[in-house]
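*Asks:* coords please:
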Amino acid sequence: MDTRDVIRRWEEVKGSLPEGVKLVAVSKQVGLEAIRALYEAGQRAFGENRVQELLEKQAALPGDAEWHMIGHLQRNKVRGVVPFASMIHGVDSPRLLEAIDREGERVGRVIPCLLQFRVAEEESKFGMTLEEARALLESETFAGARHARVVGVMSMATFTSDEGKVRGEFRRSRELFELLRRDYFAGDAGFEVLSMGMSGDYAWAVEEGSTLVRVGSAIFRPRGC
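*Replies:* Numbering: from 1, shown residues only. Coordinates of the predicted model:
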């Protein structure tokens, strides 16, 4: 992998984003050389979807790098990521939120978390329904959480080139974000993250209101690879 090309593609992606939209470079299955090159160029936020890979890369990069856990997180893996995770994107149950809160208390950290909604039709996608999210936010688990802080919403659109379908799912995510902010986080300025959009659809996601995009292959791999 030519790190010069990686930096060039990163600059293109970064330059296409409006002010206020955060870029998380998804570095899963990417070697340390390319990640270090991007870090040295100025990128600080990286995303991983496997705990073991995240742990290895976190140990190899400087301490000011941000690490976002963007994949499905099993409760028995929470302890490994809580000591340093900048954000956990995929909270999809009260039991997972409870595990994060418990481990956050153990290490003395407050962990920013996103509630993951399933807006795509694909069976492989994780996430909650609105009813499940309401149940979580009205639970004793949420009321008692002091070390797991919900700061927004995350979703993944259907993997398709159908722009209308993808935009519709992003609009649904925005509606869910606005609904939760109105009903449960009114006056909470910290509830501000709408994480949606990946390499193939992040431009549409931004136009539909995303404040954080998770971009991997558009940065690390040439088109067609």
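*Asks:* Can you pull up the most central residue in this protein?
*Replies:* Central residue of the chain (C-alpha atoms, centre = their mean): His89, 4.1 Å from the mean position.
*Asks:* check contacts around that residue.
*Replies:* Counting by C-beta atoms under 8 Å, 6 or more residues apart in numbering, His89 makes contact with 47, 68-70, 113-114, 116, 154, 195, 214. To be clear about C-beta, it is placed using only N, CA and C from the backbone, and glycine gets the same treatment.
*Asks:* The lengthiest helix in the chain: which residues count as buried?
*Replies:* In the chain, taking DSSP state H as the definition, the longest helix is helix 163-184. Under the neighbour-count criterion of 16 or more other C-beta atoms under 10 Å, helix 163-184 has 166-167, 169-170, 172-174, 176-177, 180-181, 184 buried.
*Asks:* hmm, back to that, so in that sheet, which strands flank the host helix or strand of the residue nearest to the centre of the chain, and in what orientation?
*Replies:* Counting by DSSP states H and E, the element that carries His89 is strand 87-91. Sheet pairing of strand 87-91 (DSSP bridges) gives strand 66-69 (parallel), strand 111-117 (parallel).
*Asks:* Output the helix or strand just after the first one as PDB - backbone C-alpha positions only.
*Replies:* What it means is strand 66-69. Under the assignment DSSP H and E, the closest C-terminal helix or strand after strand 66-69 is helix 78-81. Extracted C-alpha coordinates of helix 78-81, given in PDB (Å, rounded to 0.1, in the frame of the first residue of the first chain):
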ATOM      1  CA  VAL A  78     -16.300  -4.500  26.900                       C
ATOM      2  CA  ARG A  79     -13.600  -4.600  29.500                       C
ATOM      3  CA  GLY A  80     -10.900  -4.500  26.900                       C
ATOM      4  CA  VAL A  81     -12.000  -1.300  25.100                       C
END
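*Asks:* Report the rounded mean pLDDT for helix 78-81.
*Replies:* Throughout helix 78-81, pLDDT has a mean value of 96.
*Asks:* Give me the residues contacting it.
*Replies:* Against helix 78-81 from outside (C-beta under 8 Å, 6+ apart): 51, 54-55, 67, 69, 73, 88, 96, 99-100, 103, 106.
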